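*Asks:* My questions concern the predicted model and sequence given below.
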Amino acid sequence: MGLHELLDLLLRWFHLVAGIMWIGNSLLFNWLDRNLVTPASKAGRPGFQGEIWMVHSGGFYEVEKKLLPPGQLPADLHWFKWQNFFTWISGMFLLVVVYYLNGGAFLVDAGKGLHPHLVMTIGVGVIVGSWVVYHGIWRALGRVRFLPHALSALLLGVSILVLTHFLSGRAAYIHVGVVIGTLMTGNVWHVILPAQRELIAATKEGREQNPELGDRAKQRSIHNNYLTFPLLFIMISNHFPSTWGSEWNWLVLMVVTAAGAGVRHFMNIRFTYRSWFAPALAIVAVAVGTLLLLTHQESASARVPEGPVPSFAEVDAVIEGRCRPCHSEHPTDTTFVVAPVGVVLDTPAQIKALAHRIHDRAVVNKTMPFANKVGMTDEERGILARWYAAGAIASRGLGAILIVAGIISLFV
């Protein structure tokens, strides 16, 4: 294992563990806030905001939320802040290791003809600029209804459009994830934690607490809660090239982001509005149907170029020259010294077993060969297309059915 691969592995592992801790805490505290109750015996108690009983790991837990009287700060107070920082900083290191090193190989589409340094500058600029604009919107318009929400959604949409235009699809998705993660981290360290520090300082010094700071912190915490599901999708998206490899990859990401936030919304209100499940399910149906349409693989008869059905020897010759340098038990490529994601195409049985994947990556999405570094031609892709033609399956009809069913269920 080389140094670069080792760094990639360790950073991904660390990033995953930190992310589970951070997002788990976020979901837990949001759930607690929405399930607190006020017993009659405690109604009207100064500072009391609710309580909840839970059972876990062989015992009962009583959790109470309240504002403390001035001067009564407990000796042991637990904060939840470093999980966020370590998730974000490990994600930034991952961005550098995976996308900014190796000459930006994963960062740039060869067909766009852009220098990796220019693309890096665009990526970093969008990440930093998104936080500056978002934070400015909510500082200036945080008390206004609807407008800051609309402007924030527009900002995220513009970021998606810019990144998918200049970066490779895979890199664009990850950069959007970094944009979202940076907004969430900025909320934690620029708004939520300063409010908590002031709350603790006021309590310790015997001063009255400023409720406006707490309201602002709660507002940003809810923002983070709604961004959680879209961020989790982006974290796994590089395993699914039909999303970022689609010509509609920008719209795919917008749909998934909106659907993720929408489902999170109905999960948040499910304890107040008991009829939440049907609209949440409708959102999922519309989103899945839209994805099927946008990432649709047309039937072989509609895409396959004219020509005779190639022999397997012709197919194997294409695999030998364009795929096997990386996808082999003994790769000859100098960058990928181990077959990526374990895909090996050394034998006829292996090639036939992975026929659908070869067709998807090399013919439909054209995301392989990687950055087309070996120069696969359209004629060679045509050979693979004609070879695979008998097994192609269309999914457009199912996508349309799901969209219609989802829209109907919104009004039932």
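*Replies:* That came in fine, so what should we check first?

*Asks:* quick one: the strands in this protein?
*Replies:* Here the chain has its strands, by DSSP state E, at 48-56, 59-66.

*Asks:* which of the ones you listed is buried the deepest?
*Replies:* Among the strands of the chain, the stretch with the highest mean neighbour count (mean count of other CB atoms under 10 Å) is strand 48-56, at a mean of 12. All C-beta atoms are positioned from the backbone trio N, CA, C, and that covers glycine.

*Asks:* What is that strand packed up against?
*Replies:* Helices and strands touching strand 48-56, by 3 or more CB pairs under 8 Å, 6 or more residues apart in numbering; DSSP states H and E, are strand 59-66.

*Asks:* Find the nearest non-adjacent residue to residue 194, please.
*Replies:* Leaving aside its chain neighbours, residue 194 sits nearest to residue 213 (7.6 Å; criterion: CB to CB, 6 or more residues apart in numbering).

*Asks:* Likewise for residue 337?
*Replies:* residue 331 (6.1 Å).

*Asks:* which ones are touching that neighbour?
*Replies:* Residue 331 is in contact with 325, 337-339, counting by CB atoms under 8 Å, 6 or more residues apart in numbering.

*Asks:* Need the pLDDT of it.
*Replies:* The pLDDT attached to residue 331 in the predicted structure is 88.

*Asks:* do residue 208 as well
*Replies:* Value listed for residue 208 in the pLDDT field: 82.

*Asks:* how many other residues sit next to it?
*Replies:* Residue 208 is flanked by 8 other residues according to other CB atoms under 10 Å.

*Asks:* Tell me which residue is most central in the protein.
*Replies:* If you average the C-alpha coordinates of the chain and look for the closest C-alpha using CA atoms, centre = their mean, you land on residue 234, 2.0 Å from that point.

*Asks:* you'd agree that one is up against residue 173?
*Replies:* Yes - using CB atoms under 8 Å as the test, residue 234 is close enough to residue 173 to be in contact (5.5 Å).

*Asks:* shared neighbours of these two, which are they?
*Replies:* Contact criterion CB under 8 Å, 6+ apart; residues bridging residue 234 and residue 173 by contacting each: residue 253.

*Asks:* Ok, which of the strands of the chain comes nearest residue 369?
*Replies:* If you check each of the strands of the chain against residue 369 by CB to CB, strand 48-56 wins as the nearest, at 49.9 Å.

*Asks:* Report the residue spans of this protein with pLDDT below the cut-off.
*Replies:* Along the chain, the model assigns pLDDT under 70 to residues 1-2, 110-111, 296-304, 390-412.

*Asks:* domain ranges for it?
*Replies:* According to the domain assignment given by automatic domain parsing, the chain is divided into the following structural domains: 3-65+79-273, 300-391.

*Asks:* Quick one: these as JSON lines, columns for distance to residue 290 too.
*Replies:* As requested, the domains of the chain are exported to JSON lines (distance: least, CB to CB, whole Å):
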{"stretch": "domain 3-65+79-273", "distance to residue 290": "5"}
{"stretch": "domain 300-391", "distance to residue 290": "18"}
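
*Asks:* who touches residue 184 in this structure?
*Replies:* With contact taken as CB under 8 Å, 6+ apart, residue 184 is in contact with 84, 88, 223-224, 227, 231.

*Asks:* would you list those in JSON lines and tack on neighbour count and distance to residue 43?
*Replies:* Shown next, in JSON lines, are these (neighbours: other CB atoms under 10 Å; distance: CB to CB, whole Å):
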{"residue": "84", "neighbour count": "25", "distance to residue 43": "35"}
{"residue": "88", "neighbour count": "22", "distance to residue 43": "41"}
{"residue": "223", "neighbour count": "18", "distance to residue 43": "31"}
{"residue": "224", "neighbour count": "23", "distance to residue 43": "31"}
{"residue": "227", "neighbour count": "22", "distance to residue 43": "35"}
{"residue": "231", "neighbour count": "23", "distance to residue 43": "39"}
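
*Asks:* With distance to residue 284 as extra columns, can I get these in TSV?
*Replies:* What follows is the contacts of residue 184, written out as TSV (distance: CB to CB, whole Å):
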residue	distance to residue 284
84	28
88	29
223	22
224	22
227	18
231	18
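
*Asks:* Can you say which two of these are spatially most distant?
*Replies:* Distances among these were taken as CB to CB; the most separated pair is 88 and 223, at 15.3 Å.

*Asks:* Residue 277 - how many residues pack around it?
*Replies:* The tally of other residues near residue 277 (other CB under 10 Å) stands at 12.

*Asks:* Pull the number of nearby residues for residue 73.
*Replies:* A count of nearby residues for residue 73, using other CB under 10 Å, gives 16.

*Asks:* Quick check: buried residues in stretch 99-113?
*Replies:* For stretch 99-113, the buried set under the neighbour-count rule, 16 or more other CB atoms under 10 Å, comprises 99-100, 104-109.

*Asks:* Columns distance to residue 379 on top of those, output as JSON lines?
*Replies:* Supplementary listing: the buried residues of stretch 99-113 in JSON lines, determined by distance: CB to CB, whole Å:
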{"residue": "99", "distance to residue 379": "31"}
{"residue": "100", "distance to residue 379": "34"}
{"residue": "104", "distance to residue 379": "29"}
{"residue": "105", "distance to residue 379": "25"}
{"residue": "106", "distance to residue 379": "27"}
{"residue": "107", "distance to residue 379": "28"}
{"residue": "108", "distance to residue 379": "25"}
{"residue": "109", "distance to residue 379": "21"}
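
*Asks:* which of these sit farthest apart?
*Replies:* Farthest-apart pair in these is 100 and 109; separation 15.9 Å (CB to CB).
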